[in-house]
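Student: Okay, structure incoming, though there's no sequence with it:
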């Protein structure tokens, strides 16, 4: 049996796309003042920074234990609070189980607003509202967790077997019973995987939020950078790298067991 010939390659389309991307990249580089010559001329400054950053100040490592614990605590609180709030947000944003069209539209727009604003913005906003410190970071990561988990979780809810939900409704169950008995039991493993993924992101994010005064290891990093203690900065970066890799591997292993 002869197979149909494959469609011809659209070389003209690909060339047009590549030329367009190249032109847009060149235009963007010119607009922001990107210059290869300046990079080459400033290479000496970069090499000096590298020399001042190595070797790491290992004697500074014991002082990082407390800030690291605070970073993990901020990430944990933000993940747990965000994960709880994300459940109703995700369910209402899933079209097959949302109670009505208006609720679905309003909830989807609410999710879009949360995803539009970055966690750094929320950290600065909460730092202004409640003061600098871990509380502002935990609140910011809670909002970030709601945005991440609700988006992923709503997509899982939309892919469920609707026969189970219809069976609950056909037997006289209410909307809440349909959600509790026919919807959520099908997606709990995915939900747990998304929560672990959000925690992994929040550990990284809490370090960045510390740069704006939201607590954690980021505040120590910013202090050492401002004081030009680059050996300590290198030590902090290496320590964060090790901790993040360990948490990432643990999270991946758990997610594989759940899904």
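Tutor: Good, I have the coordinates. What you see is a predicted model, and the numbers here were worked out from it, not measured in a lab.

Student: For the host helix or strand of residue 112, which helices and strands make contact with it?
Tutor: Element membership for residue 112 (DSSP states H and E) is helix 101-116. Judged by 3 or more CB pairs under 8 Å, 6 or more residues apart in numbering; DSSP states H and E, the packing partners of helix 101-116 are helix 65-93, helix 134-158. To be clear about C-beta, it is placed using only N, CA and C from the backbone, and glycine gets the same treatment.

Student: Other residues contacting that helix?
Tutor: 89, 92, 93, 95, 98, 143, 146, 147, 150, 151, 154 (CB atoms under 8 Å, 6 or more residues apart in numbering).

Student: 7 Å - rerun?
Tutor: For helix 101-116, the surrounding residues in contact (CB atoms under 7 Å, 6 or more residues apart in numbering) are 89, 92, 93, 95, 98, 143, 146, 147, 150, 151.

Student: to the chain's geometric centre, what's the distance from that helix?
Tutor: Relative to its chain's centre, helix 101-116 lies at 19 Å (CA atoms, centre = their mean, to the nearest Å).

Student: now the angle between helix 65-93 and that helix, please.
Tutor: Angle between the axes of helix 101-116 and helix 65-93 is 150 degrees (criterion: axes from the mean of the first three to the mean of the last three CA atoms, to 10 degrees).

Student: Just put the helices and strands packed on helix 101-116 in a markdown table and tack on mean pLDDT, distance to residue 128 and mean neighbour count.
Tutor: Shown next, in a markdown table, are these (pLDDT from 0 to 100; distance: least, CB to CB, whole Å; neighbours: other CB atoms under 10 Å):
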| stretch | mean pLDDT | distance to residue 128 | mean neighbour count |
| --- | --- | --- | --- |
| helix 65-93 | 86 | 18 | 20 |
| helix 134-158 | 85 | 8 | 24 |
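
Student: Include distance to residue 171 when you put those helices into JSON lines, please.
Tutor: Formatted as JSON lines, these follow (distance: least, CB to CB, whole Å):
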{"stretch": "helix 65-93", "distance to residue 171": "20"}
{"stretch": "helix 134-158", "distance to residue 171": "21"}
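
Student: which stretch among those comes nearest residue 204?
Tutor: Among the helices and strands packed on helix 101-116, helix 65-93 comes nearest to residue 204, with 8.5 Å by CB to CB.

Student: got any ranges where the stretch 101-250 of the chain has weak pLDDT?
Tutor: Applying pLDDT under 70 to the stretch 101-250 of the chain picks out residues 211-215.

Student: Going by residue numbers, what spans are helices in it?
Tutor: 101-116, 119-130, 134-158, 162-170, 175-177, 184-209, 217-226, 230-258 (DSSP state H, counting those that start in this stretch).

Student: Of those, flag the one that's most buried.
Tutor: Highest mean neighbour count among the helices of the stretch 101-250 of the chain (mean count of other CB atoms under 10 Å): helix 134-158, with a mean of 24.

Student: Report the angle between that one and helix 217-226.
Tutor: Using the same axes, to 10 degrees: helix 134-158 against helix 217-226 is 130 degrees.

Student: would you list the helices of the stretch 101-250 of the chain in JSON lines and tack on distance to residue 54?
Tutor: What follows is the helices of the stretch 101-250 of the chain, written out as JSON lines (distance: least, CB to CB, whole Å):
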{"stretch": "helix 101-116", "distance to residue 54": "39"}
{"stretch": "helix 119-130", "distance to residue 54": "29"}
{"stretch": "helix 134-158", "distance to residue 54": "30"}
{"stretch": "helix 162-170", "distance to residue 54": "59"}
{"stretch": "helix 175-177", "distance to residue 54": "59"}
{"stretch": "helix 184-209", "distance to residue 54": "21"}
{"stretch": "helix 217-226", "distance to residue 54": "15"}
{"stretch": "helix 230-258", "distance to residue 54": "6"}
